[in-house]
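# sharing a model prediction with you, sequence too.
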Amino acid sequence: MKKIAIIAHDGKKPEMVNFLNKNLDRLKKVELVATGTTGTHVKNTGLKVEKKLSGPIGGDAQIAGMAAEKKLAMILFFRDPLGKHPHEPDVQMLMRICDVHNIPIATNPATAQLLIDAFFED
Ligand SMILES: O=C(CO)COP(=O)(O)O
């Protein structure tokens, strides 16, 4: 089964937790993978998740690798457009890899909800 990847910049982690709690019943049915610190927040909601490295030290790159290998159904990446990130090249690389391999990626809760609704449509 392809996994759903969850990533959130620090300024967007509360929104990600709200989003996960709102979609808990559906997300329980799929395998999740997340960057390190986001993964800890995902676990705190009660969901099972495979944790990769923290984003700034290679986690975004690991998720991009999974996307390139077609192991992901989609990526939910709540980016903070108002924050500065030392690993911005990794973030850009992840977005580019998604476009190269046509992997759905949602960068805000509104788009993420549309993707999740479509994914779990009966
Ligand atoms: O930095 C991130 C995305 O670019 C997220 O990493 P963490 O989940 O480890 O905070």
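The structure has been received and is ready for your questions. Numbers count the residues shown, from 1 in each chain.

# run through who's touching the helix or strand containing residue 113.
Using DSSP states H and E, residue 113 maps to helix 109-119. For helix 109-119, contacts defined as C-beta atoms under 8 Å, 6 or more residues apart in numbering pick out 4, 15, 18-19, 23, 26-27, 73-74, 76, 78, 104, 106. Every residue, glycine included, has its C-beta placed from N, CA and C.

# any idea where the strands of the chain begin and end?
Along the chain, counting by DSSP state E, strands occupy 3-8, 32-34, 50-51, 72-78, 105-106.

# any buried residues in stretch 62-81, and which?
Buried residues in stretch 62-81, counted by 16 or more other C-beta atoms under 10 Å: 62-64, 66-67, 71-79.

# re the thing from before, closest to the ligand among the contacts of helix 109-119?
Comparing the contacts of helix 109-119 against the ligand with C-beta to the nearest ligand atom places residue 78 closest, at 9.0 Å.

# the closest one bridge partners, please.
residue 8 (DSSP bridges).

# shouldn't it be in contact with residue 7?
Yes: using C-beta atoms under 8 Å, residue 78 is in contact with residue 7, at 7.3 Å.

# interface residues of the protein facing the ligand?
Taking C-beta under 6 Å from any ligand atom as the contact definition, the chain meets the ligand at 7, 9, 35-38, 54-56, 59-60, 85, 87, 91.

# selection in ChimeraX covering whichever of these are buried, please.
The ChimeraX selection below is limited to those of the residues of the chain next to the ligand classed as buried (16+ other C-beta under 10 Å):
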select :7,9,35,36,37,38,54,55,56,59,60,87,91
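
# between the residues of the chain next to the ligand, which is nearest the ligand?
Among these, residue 55 lies closest to the ligand (C-beta to the nearest ligand atom), at 2.3 Å.
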